[in-house]
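Novice: below are the sequence and a predicted model; questions follow.
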Amino acid sequence: MAYDLERYDTFDVTRYRDESPFKIHGGCGLMGICDESGALMSGDVAIRAMAVQRDRGNGLGGGFAGYGIYPEFAELFAFHMMFHDMRAKEEAEALLAASFAIEVAEPMPTRPVKGITDAPLLWRYFLAPHPEVLEEREMSAEDYVVQMVMNINARVDGAFVASSGKNMGAFKGVGYPEEIGHYFRLEEYEGHTWVGHNRFPTNTPGWWGGAHPFTLLDWSIVHNGEISSYGINARYLEQFGYTCSLGTDTEVAAYLFDLLLRRHKLPVELACKALAAPLWSDIDRMSADDAALMRSLRAVYGPGMLNGPFAIVLGFNGGMVALNDRIKLRPLVAARSGSTLMVASEEAAIRAVMTAPDVVWAPKAGEPVIGRVAGMESPVHSQLHLGAAEISCAVTGTDVSCEESLEVAV
Amino acid sequence: MQQTFVQPEFRVRIDYDKCHKCGRCVQQCGWGVYDFAERPIPHDEKCRACHRCVTYCPAHCITIEKNALAFRENDNWSTNLVKGVWKQADTGGVLLTSMGNPRPYERIFDKLVLDACQVTNPSIDPLREPMELRTYLGRKPDAVQVESDGNGGFRLAEGGGMTNNLKLDTPIIFSPMSYGSVSLNVHRSLAMAAERLGILMNTGEGGLHEDLYPYQDHAILQVASGRFGLNPEVLGRAAALEIKIGQGAKPGIGGHLPGEKIDREVSATRMIPQGSDAISPAPHHDIYSIEDLRQLIYAIKEASGYKPVGVKIAAVHNVAAIASGIVRAGADYVYLDGFRGGTGAAPAVIRDHIGIPVEVAIAAVDQRLRDEGIRNQASIIAAGSIRSSADAAKAIALGADVVAIGTAALLALGCHLCQSCHTGKCSWGITTQKPELTRRIDPEWGAERLTNLVHAWSHELQEILGALGVNAVESLRGSRERLRSIGLDEHTCRVLGVKPAGM
Ligand code: SF4
Ligand code: SF4
Ligand code: SF4
């Protein structure tokens, strides 16, 4: 049975996901924690770290992502979804059912929390694409998942995929992060890596999907900052097929990581050097080999350099990377306690979690702090072969140049 | 001879009560305006309003006024048009002129404004923080390829990085002006300044004089349709080579340097006989198609030991398509010369009516190269007429990598924009080969003034970047989001990729 696609082509997609046609300005707080031994921590850790940074947000967006939280379904894609209403849910589920084996479909466990109102319907699904569908399309499972996420976000009015990776999930919404964390019962999950975010948008969005983290498969990104080079970063990405349509700096950072790590296959250390490039005066003092490498990185990726104040944490299934802008205009503190690495906007967050850290330091401008969970893969989705425009759609839920690719059959 | 109807454009007024009768004005004027009979007697009809005499009169007793003869009002027939008809009826010739298009077409730069950061993101103080202007001119790979260095680090993979780019300490270079149209002392000034500033001068089509060999690493050598002053040895000397296809002031037009200007030095540098006219044909007679251009680009690369090769074109209607072809033909940069660009001599009808503004050319070319995914393959140099650091910043925000200045550089050397370069009598010693005039420019003095100018503009660019909250020029380049237009029509805004102010 082929799914009824006609109606999606003619569907008047009201853009549930669009917060603003223009760039959104705002400040934020963030955290990231990673136990490099792979030992698991309760999500309560992330809540505590964000709760002490409450003043960095204004209650208009908070969120978390946890890694290693679904060991019993580690081989399945975990879809965290938001629905505006039952109709959106039914449509999205029909799309999923058409090409995925859905092992589990259940409401997200939540509890009532004062301050959290107007929640959408929140569901999660553990699923795997039917092998014959992949064979027929000659696609990897990852490619297919990204395409599905894109289709749902762009085509199903009122539905949004908050995360879609394996053994990970994003929990986000409108509210202060500690409220969101309690609402999603985060303390009941255990993960080796957590990232968290508190948002201070200067417009009034009120859209759950607009909170951080932004995700793609098992990547998640939280971001505090304002990218003053947004204009050229977005135009640079357009050359590679990415369409920056959400109007947030975070989107630009997410695509740039995708471009450099996945498509250009740069090691994460060097991708960070391209995005927060060293000063020429420092490059000139490096050894000949290093200087040649840095000169090329800077000259080639100059249009992608993130200029302006920012701190970013990128989470993935093998760990996390935290990065500050090239002259450190936004706060970022790091600490280590045994095998646990932690970063946050404020040291208070670290002290709220680590009683006696071995070392606390302020990472230098543009110097990435990298946490790698022992025995896990490098953060490159080598199996992914989708075009950039498709990925762009998937992350933002926008509807760009995807018309041809919507062809879901059983 | 019959009386010409054309009356003097200017009146030279001397306050004889103050005049010392020293005769300096007589000696200073390149156009022979003055006779001297106990006191200076000006012949107004020869005056070009170059202000040389005014500047050097010790008594400050000379003023140049407009000869404001009243005509019956006529919006349709401007005085200039009327005079043009009279002059051509006198001579039967093409009206010649020089410098850039002075007509009141829209000046787009003046209708664009820049952004600044407040609160949500901070501005940066360029006096306290690094503010980087360094720019690499040339082709870049799309991606950098690295390999492990065996010690847990990384190094460039073979052929995986940027090669053959020219390092500029600031994204402002000097535009091509040939030895022959300008004097050797002007060339020396430009070359010395380029070296001090860590930028480039451009020989124009007249070749590289021996005296400039010490500065060859800061010189772009032009290959123009006349092929003057070129051989493999000189090609090997220059920092980069530039094929000149067109010039903003005279798109589609060749050049003609009269034999009188071809003295021994010019003849040696251009490699043509002394006293012979130097004629640059309108097209290159070996480039009748884009394939031909490709062959020439690669021939020059081969002959020069693989130096960067750029192509200079005039901004005309289909500039984006032409530029795309040029990049695909292998050029390392495209030089876009807008219709306001200057010239040593051009027919007025061409200068004033052909070509498009450089602002739209930059925008169209940058966007086209991005649409085709080849923007990284070549740099864009924009020129014609960059009048200030603000113009430079706006050109860069529209998508230029580098701007080139010609008229502004000559202004620094004394030019007063009298638009009479084609006469070869420049009182300021710039566009002339007469020894008594060319020695008015001391290259050391000239180099210092040019260095000052580019330093000043660079500081201003740093101030602008700081206000924009970025600390490297690559974060402004092509960042049209940082521009807004005031009073430009919707269509132009769309071409420029710029929103109207308030959005
Ligand atoms: S230079 Fe001045 S002072 Fe000397 S003769 Fe001329 S007008 Fe008189
Ligand atoms: S042409 Fe120049 S120097 Fe000669 S009189 Fe006029 S302003 Fe003075
Ligand atoms: S260079 Fe000399 S002749 Fe040409 S406009 Fe300037 S002052 Fe006049």
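Specialist: Cool, the structure landed. Ligands and ions are numbered 1, 2, ... in the order given.

Novice: enumerate the residues of the stretch 351-500 of chain B near chain A.
Specialist: With the criterion set to C-beta under 8 Å from any C-beta of the partner chain, the stretch 351-500 of chain B comes near chain A through B:370, B:373, B:375-376, B:468-472, B:474-482. For glycine as for every other residue, the C-beta is placed from the backbone atoms N, C-alpha and C.

Novice: just the buried ones among the residues you listed, please.
Specialist: Among those, the ones that count as buried by 16 or more other C-beta atoms under 10 Å in any protein chain shown are B:370, B:375-376, B:468-472, B:474-482.

Novice: quick one: which of the residues you listed sit in helices?
Specialist: Counting by DSSP state H, the part of those found in helices is B:370, B:468.

Novice: where's the residue of the stretch 401-503 of chain B found nearest chain A relative to residue A:225, distance?
Specialist: For the stretch 401-503 of chain B, the residue closest to chain A is residue B:481, as judged by C-beta to the nearest C-beta, at 2.7 Å. Per C-beta to C-beta, to the nearest Å, residue B:481 is found 16 Å from residue A:225.

Novice: residue B:96 now?
Specialist: Residue B:96 sits 57 Å away from residue A:225, going by C-beta to C-beta.

Novice: can you give me the strands in the stretch 301-410 of chain A?
Specialist: Counting by DSSP state E, counting those that start in this stretch, one finds strands in the stretch 301-410 of chain A at the ranges A:310-316, A:319-324, A:333-337, A:340-344, A:359-361, A:369-372.

Novice: helix, strand or coil for the residue in the stretch 51-200 of chain A positioned nearest to ligand 1?
Specialist: Nearest to ligand 1 in the stretch 51-200 of chain A, going by C-beta to the nearest ligand atom, is residue A:200, at a distance of 69.0 Å. Of the three states, residue A:200 takes strand according to DSSP: H, G, I helix; E, B strand; the rest coil.

Novice: tell me which parts of chain B are close to ligand 1?
Specialist: Applying C-beta under 6 Å from any ligand atom, we find that chain B lies next to ligand 1 at B:14, B:19-25, B:40, B:57-59, B:61-62.

Novice: find the closest residue to ligand 2 in chain A.
Specialist: For chain A, C-beta to the nearest ligand atom, closest residue to ligand 2: residue A:280, 45.3 Å.

Novice: ok, how many other residues are close to that residue?
Specialist: Residue A:280: 19 surrounding residues under other C-beta atoms under 10 Å in any protein chain shown.

Novice: right, and it touches residue B:133 too?
Specialist: No. If you go by C-beta atoms under 8 Å, residue A:280 and residue B:133 don't touch, sitting 9.3 Å apart.

Novice: report the contact partners of residue A:329.
Specialist: Neighbour list for residue A:329: A:225, A:308, A:309, A:310, B:121, B:122 [criterion: C-beta atoms under 8 Å, 6 or more residues apart in numbering or on different chains].

Novice: could I get the phi/psi values of it?
Specialist: With angles defined as degrees, to the nearest 10, residue A:329 sits at phi -100, psi -10.

Novice: can you tell me how far it is from residue A:280?
Specialist: Relative to residue A:280, residue A:329 is positioned 19 Å away (C-beta to C-beta).

Novice: pLDDT value on the closest residue in space to residue B:8 that isn't next to it in sequence, please?
Specialist: Take residue B:8 and drop its neighbours on the chain: the residue closest to it by C-beta to C-beta, 6 or more residues apart in numbering or on different chains is residue B:44, 3.8 Å away. In this model, residue B:44 is scored at 97, pLDDT.

Novice: please report how far residue B:44 lies from residue B:55.
Specialist: 19 Å.

Novice: try residue B:37
Specialist: Taking C-beta to C-beta, one finds residue B:37 at 24 Å from residue B:55.

Novice: how about the strands in the stretch 51-200 of chain A?
Specialist: A:62-67, A:77-83, A:100-107, A:121-129, A:159-163, A:168-173, A:190-191, A:193-201.

Novice: other SSEs contacting the third one?
Specialist: Spelled out, that is strand A:100-107. Counting contacts by 3 or more C-beta pairs under 8 Å, 6 or more residues apart in numbering or on different chains; DSSP states H and E, strand A:100-107 packs against strand A:121-129.

Novice: what strands flank the strand it packs on, and is each parallel or antiparallel?
Specialist: Sheet pairing of strand A:121-129 (DSSP bridges) gives strand A:77-83 (antiparallel), strand A:100-107 (antiparallel).

Novice: out of those strands, deepest packed?
Specialist: strand A:77-83 (a mean of 24; mean count of other C-beta atoms under 10 Å in any protein chain shown).

Novice: re earlier: quick one, what contacts the residue of chain A closest to ligand 2?
Specialist: Listed by C-beta under 8 Å, 6+ apart, the contact set of residue A:280 reads A:298, B:132, B:134.

Novice: neighbour-wise, which of those residues leads?
Specialist: residue A:298 (24 neighbours).

Novice: can you give me the neighbour number for the closest residue to residue A:60 other than its chain neighbours?
Specialist: Spatial nearest neighbour of residue A:60, excluding adjacent residues (C-beta to C-beta, 6+ apart): residue A:201 at 5.2 Å. By the criterion of other C-beta under 10 Å, residue A:201 has 21 neighbours.

Novice: wait, residue A:201 touches residue A:62, no?
Specialist: No. At 11.5 Å, residue A:201 does not count as touching residue A:62 under the criterion of C-beta under 8 Å.

Novice: of the residues of the stretch 351-500 of chain B next to chain A, which belong to strands?
Specialist: Assigned to strands by DSSP state E, none of these qualify.

Novice: chain center to stretch B:74-82, what's the gap?
Specialist: 30 Å (C-alpha atoms, centre = their mean, to the nearest Å).

Novice: mean confidence for that stretch?
Specialist: pLDDT averaged over stretch B:74-82 gives 94.

Novice: now swap in stretch B:430-439 and tell me
Specialist: 95.

Novice: just the residues of chain B next to ligand 1: which are in helices?
Specialist: Going by DSSP H, the helices hold B:24, B:25 from the residues of chain B next to ligand 1.

Novice: what is the burial count for residue 123?
Specialist: Picking chain A for this. Using other C-beta under 10 Å: residue A:123 sits among 18 other residues.

Novice: hm, I was asking about chain B
Specialist: Counted with other C-beta under 10 Å, the neighbours of residue B:123 add up to 16.

Novice: quick check: residue B:495 is in a helix.
Specialist: Yes. The assignment for residue B:495 (three-state DSSP) places it in a helix.

Novice: need the contact list for it.
Specialist: Residues in contact with residue B:495, defined by C-beta under 8 Å, 6+ apart, are B:360, B:363, B:364.

Novice: ok, now residue B:176?
Specialist: With C-beta under 8 Å, 6+ apart, residue B:176 has these contacts: B:202, B:203, B:204, B:205, B:220, B:222, B:242, B:244, B:312, B:404, B:406.

Novice: so it, which state does it fall into?
Specialist: Per three-state DSSP, residue B:176 ends up coil.

Novice: residue B:37 and residue B:55 - which one has more neighbours?
Specialist: Taking neighbours as other C-beta under 10 Å, residue B:37 and residue B:55 compare with residue B:55 leading, 14 against 6.
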